[in-house]
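Undergrad: with the sequence up front, the predicted model follows.
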Amino acid sequence: MAFFKKLGEKLKNLFTGAKIDDEFFDNLEDTLIEGDLGAKLTSLVSEELKKKVKEEKITDPSLLQQEMKKILSPYISSLTVDIPKDDLSLFLMLGVNGVGKTTTIAKLSSYYSRKGNKVLLAAADTFRAAAVEQIDIHAERLNMRIVKSKTGADPGAVVFDAITSASSHGENLILADTAGRMHNKENLLKELQKIDKVIRARGIKEENYHRFLVIDATTGQNGLSQAHLFNEAVPISGIILTKYDSLAKGGALLQIGRELSIPVAFICNGEKYDDIAPFDKEEFLNQLVGL
(Lines give C-alpha, C1' and ligand atoms only; values in the text may rest on other atoms or scores of the structure.)
Protein backbone atom coordinates (compact mmCIF):
# COMPACT_ATOMS: atom_id res chain seq x y z
CA MET A 1 0.00 0.00 0.00
CA ALA A 2 1.43 3.34 -1.02
CA PHE A 3 -1.68 5.40 -0.41
CA PHE A 4 -0.38 7.38 2.56
CA LYS A 5 3.27 7.11 1.65
CA LYS A 6 3.69 10.79 0.95
CA LEU A 7 1.90 11.98 4.10
CA GLY A 8 3.51 9.22 6.19
CA GLU A 9 6.99 10.20 5.02
CA LYS A 10 6.35 13.84 5.90
CA LEU A 11 5.15 12.91 9.37
CA LYS A 12 8.03 10.51 9.90
CA ASN A 13 10.50 13.28 9.07
CA LEU A 14 8.66 15.67 11.37
CA PHE A 15 8.68 13.19 14.27
CA THR A 16 12.39 12.46 13.85
CA GLY A 17 14.81 14.62 15.79
CA ALA A 18 12.62 17.71 16.06
CA LYS A 19 12.19 19.77 19.19
CA ILE A 20 8.69 19.66 20.65
CA ASP A 21 7.68 23.31 20.71
CA ASP A 22 5.11 25.65 19.13
CA GLU A 23 6.88 25.41 15.77
CA PHE A 24 6.65 21.61 15.87
CA PHE A 25 2.90 21.71 16.38
CA ASP A 26 2.47 24.40 13.72
CA ASN A 27 4.32 22.17 11.25
CA LEU A 28 2.29 19.15 12.34
CA GLU A 29 -1.00 20.96 11.81
CA ASP A 30 0.08 22.24 8.39
CA THR A 31 1.07 18.70 7.35
CA LEU A 32 -2.23 17.20 8.50
CA ILE A 33 -4.24 19.90 6.76
CA GLU A 34 -2.29 19.23 3.55
CA GLY A 35 -3.13 15.55 4.01
CA ASP A 36 -6.87 16.35 3.97
CA LEU A 37 -7.58 15.51 7.60
CA GLY A 38 -9.58 18.73 7.81
CA ALA A 39 -9.42 21.57 10.32
CA LYS A 40 -11.54 19.92 13.04
CA LEU A 41 -9.71 16.59 13.10
CA THR A 42 -6.32 18.31 12.80
CA SER A 43 -7.12 20.53 15.78
CA LEU A 44 -8.29 17.53 17.80
CA VAL A 45 -5.10 15.58 17.06
CA SER A 46 -2.88 18.54 17.89
CA GLU A 47 -4.66 19.31 21.18
CA GLU A 48 -4.58 15.66 22.28
CA LEU A 49 -0.85 15.41 21.55
CA LYS A 50 -0.13 18.67 23.39
CA LYS A 51 -2.03 17.31 26.38
CA LYS A 52 0.01 14.09 26.27
CA VAL A 53 3.29 16.02 26.09
CA LYS A 54 2.32 18.09 29.11
CA GLU A 55 1.02 15.19 31.21
CA GLU A 56 3.92 12.81 30.54
CA LYS A 57 6.63 15.42 29.94
CA ILE A 58 7.52 13.89 26.57
CA THR A 59 10.61 15.39 24.91
CA ASP A 60 11.12 12.79 22.15
CA PRO A 61 8.73 13.51 19.24
CA SER A 62 9.05 9.95 17.92
CA LEU A 63 7.08 8.81 20.97
CA LEU A 64 4.17 10.87 19.69
CA GLN A 65 3.75 8.69 16.58
CA GLN A 66 2.16 5.86 18.54
CA GLU A 67 0.04 8.37 20.46
CA MET A 68 -1.17 9.88 17.20
CA LYS A 69 -2.06 6.44 15.92
CA LYS A 70 -4.14 5.82 19.08
CA ILE A 71 -5.94 9.14 18.64
CA LEU A 72 -6.84 8.42 15.00
CA SER A 73 -7.72 4.75 15.46
CA PRO A 74 -11.38 5.31 16.52
CA TYR A 75 -12.06 7.22 13.30
CA ILE A 76 -11.27 4.38 10.91
CA SER A 77 -12.62 0.84 10.82
CA SER A 78 -12.69 -2.08 8.43
CA LEU A 79 -15.65 -4.08 7.13
CA THR A 80 -15.43 -7.76 6.20
CA VAL A 81 -18.24 -9.05 3.99
CA ASP A 82 -18.84 -12.79 3.87
CA ILE A 83 -21.33 -14.02 1.28
CA PRO A 84 -23.60 -16.95 2.22
CA LYS A 85 -23.57 -19.61 -0.49
CA ASP A 86 -27.17 -20.68 0.14
CA ASP A 87 -28.85 -17.27 0.02
CA LEU A 88 -28.96 -14.29 -2.34
CA SER A 89 -26.83 -11.22 -1.57
CA LEU A 90 -26.73 -7.89 -3.37
CA PHE A 91 -24.12 -5.14 -3.54
CA LEU A 92 -25.48 -1.77 -4.65
CA MET A 93 -22.52 0.12 -6.08
CA LEU A 94 -22.54 3.90 -5.63
CA GLY A 95 -20.19 6.67 -6.70
CA VAL A 96 -19.74 9.64 -8.98
CA ASN A 97 -18.60 9.17 -12.56
CA GLY A 98 -14.87 8.72 -13.03
CA VAL A 99 -13.98 7.06 -9.72
CA GLY A 100 -13.56 3.61 -11.27
CA LYS A 101 -16.91 2.17 -10.17
CA THR A 102 -17.42 -0.13 -13.17
CA THR A 103 -13.89 -1.51 -12.93
CA THR A 104 -14.39 -2.02 -9.19
CA ILE A 105 -17.53 -4.04 -9.90
CA ALA A 106 -15.49 -6.25 -12.21
CA LYS A 107 -12.79 -6.67 -9.54
CA LEU A 108 -15.37 -7.56 -6.90
CA SER A 109 -16.99 -10.10 -9.20
CA SER A 110 -13.61 -11.71 -9.82
CA TYR A 111 -12.75 -11.63 -6.09
CA TYR A 112 -15.97 -13.32 -4.97
CA SER A 113 -15.97 -15.75 -7.89
CA ARG A 114 -12.56 -16.99 -6.79
CA LYS A 115 -14.16 -17.70 -3.40
CA GLY A 116 -16.70 -20.00 -5.04
CA ASN A 117 -19.62 -17.62 -5.43
CA LYS A 118 -21.85 -17.37 -8.49
CA VAL A 119 -22.02 -13.72 -9.50
CA LEU A 120 -24.54 -11.86 -11.65
CA LEU A 121 -23.92 -8.31 -12.88
CA ALA A 122 -26.76 -5.78 -13.16
CA ALA A 123 -26.23 -2.76 -15.44
CA ALA A 124 -28.56 -0.37 -13.59
CA ASP A 125 -26.70 2.80 -14.65
CA THR A 126 -29.07 3.30 -17.56
CA PHE A 127 -28.51 7.06 -17.53
CA ARG A 128 -25.19 6.73 -19.37
CA ALA A 129 -24.89 4.50 -22.46
CA ALA A 130 -21.15 3.99 -21.96
CA ALA A 131 -21.75 2.56 -18.48
CA VAL A 132 -23.84 -0.32 -19.84
CA GLU A 133 -21.26 -0.99 -22.55
CA GLN A 134 -18.38 -1.00 -20.06
CA ILE A 135 -19.95 -3.43 -17.61
CA ASP A 136 -21.05 -5.62 -20.54
CA ILE A 137 -17.42 -5.87 -21.70
CA HIS A 138 -16.29 -6.90 -18.19
CA ALA A 139 -19.05 -9.51 -18.00
CA GLU A 140 -17.88 -11.04 -21.29
CA ARG A 141 -14.23 -11.07 -20.23
CA LEU A 142 -15.06 -12.64 -16.88
CA ASN A 143 -17.57 -15.05 -18.41
CA MET A 144 -20.37 -13.86 -16.14
CA ARG A 145 -24.04 -13.31 -16.81
CA ILE A 146 -25.38 -9.78 -16.96
CA VAL A 147 -28.86 -8.28 -16.82
CA LYS A 148 -29.13 -5.06 -18.80
CA SER A 149 -31.55 -2.85 -20.68
CA LYS A 150 -31.50 0.05 -23.11
CA THR A 151 -30.24 3.51 -22.23
CA GLY A 152 -32.90 5.48 -20.38
CA ALA A 153 -34.67 2.39 -19.06
CA ASP A 154 -35.90 2.29 -15.48
CA PRO A 155 -32.89 1.25 -13.34
CA GLY A 156 -35.20 -0.11 -10.66
CA ALA A 157 -36.70 -2.47 -13.23
CA VAL A 158 -33.20 -3.68 -14.18
CA VAL A 159 -32.45 -4.52 -10.54
CA PHE A 160 -35.86 -6.18 -10.16
CA ASP A 161 -35.16 -8.36 -13.20
CA ALA A 162 -31.65 -9.15 -11.92
CA ILE A 163 -33.02 -10.44 -8.60
CA THR A 164 -35.59 -12.57 -10.43
CA SER A 165 -32.96 -13.89 -12.83
CA ALA A 166 -30.40 -14.68 -10.11
CA SER A 167 -33.03 -16.56 -8.12
CA SER A 168 -33.92 -18.74 -11.10
CA HIS A 169 -30.33 -19.36 -12.25
CA GLY A 170 -28.80 -20.10 -8.85
CA GLU A 171 -26.48 -17.09 -8.50
CA ASN A 172 -25.89 -16.02 -4.90
CA LEU A 173 -24.42 -12.52 -5.44
CA ILE A 174 -25.66 -9.60 -7.55
CA LEU A 175 -23.40 -6.61 -8.20
CA ALA A 176 -25.58 -3.71 -9.33
CA ASP A 177 -24.13 -0.62 -10.97
CA THR A 178 -25.91 2.72 -10.47
CA ALA A 179 -25.75 6.20 -11.97
CA GLY A 180 -23.17 8.60 -10.55
CA ARG A 181 -24.63 11.71 -12.11
CA MET A 182 -28.07 12.75 -13.27
CA HIS A 183 -29.75 16.02 -14.19
CA ASN A 184 -29.55 17.28 -10.62
CA LYS A 185 -28.84 16.12 -7.08
CA GLU A 186 -32.51 15.63 -6.18
CA ASN A 187 -33.07 13.49 -9.26
CA LEU A 188 -30.07 11.31 -8.42
CA LEU A 189 -31.14 10.80 -4.80
CA LYS A 190 -34.70 9.87 -5.76
CA GLU A 191 -33.46 7.37 -8.34
CA LEU A 192 -31.18 5.64 -5.82
CA GLN A 193 -33.92 5.59 -3.19
CA LYS A 194 -36.26 4.00 -5.72
CA ILE A 195 -33.73 1.24 -6.46
CA ASP A 196 -33.26 0.73 -2.72
CA LYS A 197 -37.03 0.26 -2.26
CA VAL A 198 -37.12 -2.29 -5.09
CA ILE A 199 -34.33 -4.32 -3.48
CA ARG A 200 -36.01 -4.34 -0.08
CA ALA A 201 -39.42 -5.15 -1.58
CA ARG A 202 -37.93 -8.13 -3.43
CA GLY A 203 -36.93 -9.74 -0.15
CA ILE A 204 -33.15 -9.32 -0.05
CA LYS A 205 -32.28 -9.75 3.63
CA GLU A 206 -30.71 -6.73 5.32
CA GLU A 207 -27.64 -8.72 6.35
CA ASN A 208 -27.13 -9.70 2.69
CA TYR A 209 -27.66 -6.21 1.29
CA HIS A 210 -24.64 -3.89 1.15
CA ARG A 211 -24.38 -0.37 -0.24
CA PHE A 212 -20.80 0.40 -1.25
CA LEU A 213 -19.54 3.88 -2.06
CA VAL A 214 -16.57 3.89 -4.44
CA ILE A 215 -14.17 6.79 -3.85
CA ASP A 216 -11.08 7.75 -5.82
CA ALA A 217 -8.10 7.98 -3.43
CA THR A 218 -6.87 11.10 -5.21
CA THR A 219 -10.15 12.94 -4.60
CA GLY A 220 -9.22 14.53 -1.28
CA GLN A 221 -11.90 16.56 0.48
CA ASN A 222 -14.44 15.80 -2.25
CA GLY A 223 -14.55 12.25 -0.92
CA LEU A 224 -16.21 13.51 2.24
CA SER A 225 -18.76 15.51 0.21
CA GLN A 226 -19.54 12.45 -1.90
CA ALA A 227 -20.05 10.31 1.21
CA HIS A 228 -22.52 12.84 2.61
CA LEU A 229 -24.36 13.06 -0.72
CA PHE A 230 -24.87 9.34 -1.29
CA ASN A 231 -25.54 8.65 2.38
CA GLU A 232 -28.52 11.01 2.05
CA ALA A 233 -30.01 8.65 -0.53
CA VAL A 234 -29.26 5.27 1.05
CA PRO A 235 -27.30 4.39 4.19
CA ILE A 236 -23.80 3.46 3.04
CA SER A 237 -22.47 0.14 4.36
CA GLY A 238 -18.84 0.65 3.44
CA ILE A 239 -16.24 2.48 1.38
CA ILE A 240 -14.21 1.00 -1.47
CA LEU A 241 -11.11 3.02 -2.28
CA THR A 242 -9.71 3.06 -5.82
CA LYS A 243 -6.28 4.23 -7.07
CA TYR A 244 -4.82 3.26 -3.71
CA ASP A 245 -1.34 3.01 -5.23
CA SER A 246 -1.25 6.75 -5.85
CA LEU A 247 0.57 9.24 -3.67
CA ALA A 248 -2.71 10.95 -2.88
CA LYS A 249 -3.35 12.79 0.35
CA GLY A 250 -6.56 10.96 1.19
CA GLY A 251 -7.03 11.97 4.81
CA ALA A 252 -10.71 12.55 4.03
CA LEU A 253 -11.18 8.84 4.74
CA LEU A 254 -10.68 9.63 8.43
CA GLN A 255 -13.13 12.49 8.21
CA ILE A 256 -15.73 10.15 6.70
CA GLY A 257 -15.21 7.78 9.60
CA ARG A 258 -15.42 10.59 12.15
CA GLU A 259 -18.54 12.26 10.72
CA LEU A 260 -20.46 9.29 9.30
CA SER A 261 -18.94 6.20 10.99
CA ILE A 262 -18.67 4.40 7.65
CA PRO A 263 -16.09 1.57 7.58
CA VAL A 264 -13.73 0.76 4.71
CA ALA A 265 -14.22 -2.60 3.00
CA PHE A 266 -11.77 -2.86 0.08
CA ILE A 267 -8.90 -1.08 -1.57
CA CYS A 268 -8.05 -1.25 -5.28
CA ASN A 269 -4.53 -0.57 -6.44
CA GLY A 270 -4.17 -1.36 -10.14
CA GLU A 271 -5.95 -2.18 -13.38
CA LYS A 272 -5.99 -5.98 -13.24
CA TYR A 273 -9.04 -7.87 -12.02
CA ASP A 274 -7.17 -9.25 -9.01
CA ASP A 275 -5.90 -5.81 -7.93
CA ILE A 276 -8.31 -5.65 -5.00
CA ALA A 277 -7.85 -6.53 -1.34
CA PRO A 278 -9.70 -6.21 1.97
CA PHE A 279 -8.86 -3.01 3.84
CA ASP A 280 -6.15 -3.38 6.51
CA LYS A 281 -6.69 -0.81 9.26
CA GLU A 282 -3.36 -1.41 11.03
CA GLU A 283 -1.32 -1.04 7.87
CA PHE A 284 -3.28 2.05 6.93
CA LEU A 285 -2.64 3.77 10.27
CA ASN A 286 1.03 2.77 10.34
CA GLN A 287 1.54 4.29 6.91
CA LEU A 288 -0.41 7.37 7.87
CA VAL A 289 1.69 8.30 10.90
CA GLY A 290 4.97 7.11 9.36
CA LEU A 291 5.60 4.04 11.53
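TA: That came in fine, so what should we check first?

Undergrad: low-confidence regions, the stretch 51-200 of the chain specifically.
TA: Along the stretch 51-200 of the chain, the model assigns pLDDT under 70 to residues 182-183.

Undergrad: where do the strands sit along the stretch 51-200 of the chain?
TA: 89-94, 119-123, 145-147, 173-177 (DSSP state E, counting those that start in this stretch).

Undergrad: dump these to TSV, plus distance to Gly257 and mean neighbour count.
TA: (C-beta placed from N, C-alpha, C; glycine too.) As requested, the strands of the stretch 51-200 of the chain are exported to TSV (distance: least, CB to CB, whole Å; neighbours: other CB atoms under 10 Å):
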stretch	distance to Gly257	mean neighbour count
strand 89-94	17	25
strand 119-123	29	27
strand 145-147	34	19
strand 173-177	24	27
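
Undergrad: can you list the ones you listed in CSV and add distance to Gly35?
TA: Shown next, in CSV, are the strands of the stretch 51-200 of the chain (distance: least, CB to CB, whole Å):
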stretch, distance to Gly35
strand 89-94, 25
strand 119-123, 36
strand 145-147, 39
strand 173-177, 31
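
Undergrad: nearest to Cys268, out of the ones you listed?
TA: Shortest distance between Cys268 and the strands of the stretch 51-200 of the chain, using CB to CB, is found for strand 89-94: 12.5 Å.

Undergrad: burial count for the nearest residue to Gly95 once chain neighbours are set aside?
TA: Excluding its sequence neighbours, the residue lying closest to Gly95 (CB to CB, 6 or more residues apart in numbering) is Val214, at 3.6 Å. For Val214, the count of nearby residues is 25 (other CB atoms under 10 Å).

Undergrad: tell me which element Val214 falls in.
TA: strand 209-216 (DSSP states H and E).

Undergrad: contacts made by the next helix-or-strand element following that strand with the rest, please.
TA: Next along the chain after strand 209-216, taking DSSP H and E as the criterion, comes helix 222-233. Defining contact as CB atoms under 8 Å, 6 or more residues apart in numbering, one finds that helix 222-233 is touched by 38, 94-96, 185, 188-189, 192-193, 196, 213, 215-216, 219, 236, 239, 250, 252-253, 255-256, 259-260, 262.

Undergrad: again with stretch 40-51
TA: 25, 28-29, 32-33, 37, 64, 67-68, 71-72, 75, 251, 254-255, 258.

Undergrad: go again with 7 Å.
TA: Residues outside stretch 40-51 that contact it (CB atoms under 7 Å, 6 or more residues apart in numbering) are 25, 28-29, 32-33, 64, 67-68, 71-72, 254-255, 258.

Undergrad: what do you get for stretch 173-187?
TA: Outside stretch 173-187, the residues that reach it (CB under 7 Å, 6+ apart) are 83, 89-97, 101-102, 105, 108-109, 112, 117, 119-125, 127-128, 131, 135, 155, 159, 162-163, 166, 188, 191-192, 195, 229.

Undergrad: now these: which count as buried?
TA: 83, 89-96, 101-102, 105, 108-109, 112, 117, 119-125, 127-128, 131, 135, 155, 159, 162-163, 166, 188, 191-192, 195, 229 (16 or more other CB atoms under 10 Å).

Undergrad: thought Arg211 was touching Ile239?
TA: No - with contact defined as CB atoms under 7 Å, Arg211 and Ile239 do not form a contacting pair (10.6 Å).
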